[in-house]
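Enquirer: Pasted the sequence and its predicted model underneath.
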Amino acid sequence: MSTVTTIERFILDHQPEYASGELTYLLYDIALAAKIIASKTMRAGLVDILGAAGATNVQGESQQKLDVFAHEIIRKLCDHTGRLCLMVSEEQEEPLYIPAKYAKGSYVMVFDPLDGSSNIDVNVSIGTIFGIYRCLDEELRGRVEDALQPAGDLVAAGYILYGASTMLVYSTGEGVHGFTLNPEYGEFLLSYPDMRLPETPAYYSVNSSYYNRWSPGVQRFVNWLQGIGEAPPSLSARYIGSLVADFHRNLLRGGIYCYPAESGRGGGKLRLLYEAGPLAFLMEQAGGYASDGRQSILKICPTSLHQRTSLFIGNRNLVEQAERFICLEDGEQKTAD
Ligand code: AHG
Ligand code: MN
Ligand code: MN
C-alpha cells in the first residue's frame, strides 16, 4: 500500500457535505470507544484468574459484565459532548436522555454495545453495532420519536468487530469502509476501502437447529440454500452466532445471513433498531439487500425501541429468493410482531 490512512484522516476527508463537524467528532468518539472495549475484551479470559463477574478484582473494583461495561463506556464517552440529543442501547429499556447539564446535539445514536454475548466466555469474536440518525425537529430534539426512524433514514452506521484483530467498519452513505486497529500504535488504519459484496456468494448462515419452529416458506427456503430442490445455489454453511462476525465474513465473501421468525417469537430474535437496521444500511451500501422476508428492512418504521424483526441479509438475489419462498408459501400477509 502506497499510503497509510488513519481513521481520523479518512473521516475528516470524507465527511458528508451536509454534516457539520458534529458527525465527524461523533465517529471519532466511536473509534475511541472501540479501542477501549477492544482492550477490555482482550482481557476477558483473565476473568477466571482475576475474579468472576460480580466479584471484586485485584484492584478492588467490582467486575462488570462485558456488555454492561461496553454500554457504560459508550454512554460516558458520548453523553456530554453536545453532539447527541438521545441514545438507545440494547442494555437499557428506557432511552438514554442527555443530562440537562449538557448541551444537546442534532444526532441520535442507537447501539448494541456488545453483540454475540454467548460467545464472550468462549473466546469467540464479538462486536458492537451502531446507527446514527439526525433528529426530526431541531427545536424539539431528544424525543423518543427521533430514534423511531426507518433505517433508510440513517445518516451513518457501522460496527466494530473484536476478532483476531479489531476492525471498525462504517458508512455515511458513500460506500462502506473498513479499518483495522494496529495495537502497537493504537490507531485504526484504512484496510478495506469501498467494500463491495462479491457477486458470487460463498456462504449461507442460519441456526438450523430452529428448523421445526419456522414457517413452511422459511423451511423451504433453507432447504433450497442447503442444496435440496431445483437449481441449488451451491453454498457452504458458516454460522458463528455473533451477528457482527457472521455479517462481516459474509460481506467479504458473499452470501446470506438469516435469522427467521420462530413460532412463539413472532418477530424473530434480532432487534430492528440497533441490529438489523444499521447492518441493512451497510449491506445496501455494499451492493446487497436486507429484508424481513416480505419487505426491505430499510423501509420498516419502528414503533418501539426494542422491537424485533426477522432478518435475511446478503446478496440481493438470495434475499429476494427468500422473499419469494416466504410470500408464495406463507401468503402475502405481513409478519405479525
Ligand atoms: P446479543 O448478544 O446482542 O444479545 O445478540 C445475540 C444475537 C446475535 O449476535 C446472534 O447472531 C444471535 O443472537 C445468535 O442467536 P442464536 O444463538 O439463537 O443462534
Ligand atoms: Mn446483538
Ligand atoms: Mn448485545
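Expert: Structure's in. What do you need? Ligands and ions are numbered 1, 2, ... in the order given.
Enquirer: tell me what the host helix or strand of residue 111 is packed against?
Expert: Assigning secondary structure by DSSP states H and E places residue 111 in strand 107-115. Secondary-structure packing of strand 107-115 (3 or more Cβ pairs under 8 Å, 6 or more residues apart in numbering; DSSP states H and E): helix 21-41, helix 66-78, strand 84-89, strand 126-134. From N, CA and C alone the C-beta is placed, and that goes for glycine too.
Enquirer: Show me what that strand pairs with in its sheet, parallel or antiparallel.
Expert: strand 84-89 (parallel), strand 126-134 (antiparallel) (DSSP bridges).
Enquirer: In the sheet, which residues pair with the most centrally placed residue in the chain? Tell me.
Expert: For the chain, the residue nearest the mean C-alpha position is residue 129 (3.4 Å; Cα atoms, centre = their mean). When bridges are called by DSSP bridges, residue 129 pairs up with residue 112, residue 159.
Enquirer: tell me the contacts of it?
Expert: Shown in contact with residue 129 (Cβ atoms under 8 Å, 6 or more residues apart in numbering): 111, 112, 115, 157, 158, 159, 243, 244, 274, 275, 278, 279.
Enquirer: burial count for the residue in the stretch 201-337 of the chain that ligand 2 sits nearest to?
Expert: In the stretch 201-337 of the chain, the residue that lies nearest ligand 2 is residue 275 (5.1 Å; Cβ to the ion). By other Cβ atoms under 10 Å, 27 other residues sit near residue 275.
Enquirer: re earlier: which pLDDT value does the model give the residue nearest to the centre of the chain?
Expert: With respect to pLDDT, residue 129 scores 98.
Enquirer: Alongside ligand 3, which residues does the stretch 101-250 of the chain contribute?
Expert: By Cβ under 5 Å from the ion, the part of the stretch 101-250 of the chain that sits against ligand 3 consists of 112, 114, 115.
Enquirer: Which residues of this structure lie near ligand 2?
Expert: Residues of the chain lying near ligand 2 (Cβ under 5 Å from the ion): 112, 115.
Enquirer: per-domain residue ranges of the chain.
Expert: Here the domain parsing of the chain from automatic domain parsing is 7-192, 203-329.
Enquirer: So which of those domains is the most surrounded?
Expert: Most buried of those by mean neighbour count (mean count of other Cβ atoms under 10 Å) is domain 203-329; its value is a mean of 20.
Enquirer: how far does it stretch from start to finish?
Expert: The first and final residues of domain 203-329 sit 24 Å from each other (Cα to Cα, to the nearest Å).
Enquirer: start the count at 322, not 1, going forward
Expert: From this message on, residue numbering opens at 322, which makes the last subject domain 524-650.
Enquirer: Give me the average confidence score over that domain.
Expert: On average, the pLDDT along domain 524-650 is 95.
Enquirer: Spell out whether it and ligand 1 are in contact.
Expert: Yes. On the criterion Cβ under 6 Å from any ligand atom, domain 524-650 is in touch with ligand 1 at 528, 562, 563, 564, 590.
Enquirer: Regarding the nearest residue to the first one once chain neighbours are set aside, which helix or strand does it belong to?
Expert: Using Cβ to Cβ, 6 or more residues apart in numbering and skipping residues adjacent in sequence, the residue nearest residue 528 is residue 560, 6.0 Å away. Using DSSP H and E, residue 560 maps to neither a helix nor a strand.
Enquirer: Can you tell me how far the nearest residue in space to residue 353 that is not next to it in sequence is from residue 573?
Expert: Residue nearest to residue 353 in three dimensions, not counting chain neighbours: residue 398, with 6.3 Å by Cβ to Cβ, 6+ apart. Distance, residue 398 to residue 573, using Cβ to Cβ, to the nearest Å: 29 Å.
Enquirer: What of residue 467?
Expert: 33 Å.
Enquirer: now swap in residue 400 and tell me
Expert: As defined by Cβ to Cβ, residue 400 lies at a distance of 34 Å from residue 573.
Enquirer: And for residue 402?
Expert: 32 Å.
Enquirer: what do you get for residue 594?
Expert: Distance, residue 594 to residue 573, using Cβ to Cβ: 25 Å.
Enquirer: cool, and residue 406?
Expert: Distance from residue 406 to residue 573, by Cβ to Cβ: 35 Å.
Enquirer: Who are the contact partners of the closest residue to residue 473 other than its chain neighbours?
Expert: Of all residues not flanking residue 473 in the chain, residue 619 sits nearest, at 3.7 Å (Cβ to Cβ, 6+ apart). Residue 619 makes contact with 471, 472, 473, 598, 601, 602, 605, 611, according to Cβ under 8 Å, 6+ apart.
Enquirer: Kindly indicate which of those residues lies nearest residue 503.
Expert: Distance ranking of the contacts of residue 619 against residue 503, using Cβ to Cβ, places residue 602 first at 27.0 Å.
Enquirer: what's in contact with stretch 330-340?
Expert: With Cβ under 8 Å, 6+ apart as the contact definition, stretch 330-340 has outside contacts at 342, 344, 345, 348, 349, 476, 493, 494, 495, 498, 500, 511.
Enquirer: wait, does stretch 386-399 make contact with ligand 1?
Expert: No. Against ligand 1, stretch 386-399 shows no contacts by Cβ under 6 Å from any ligand atom, the least distance being 7.0 Å.
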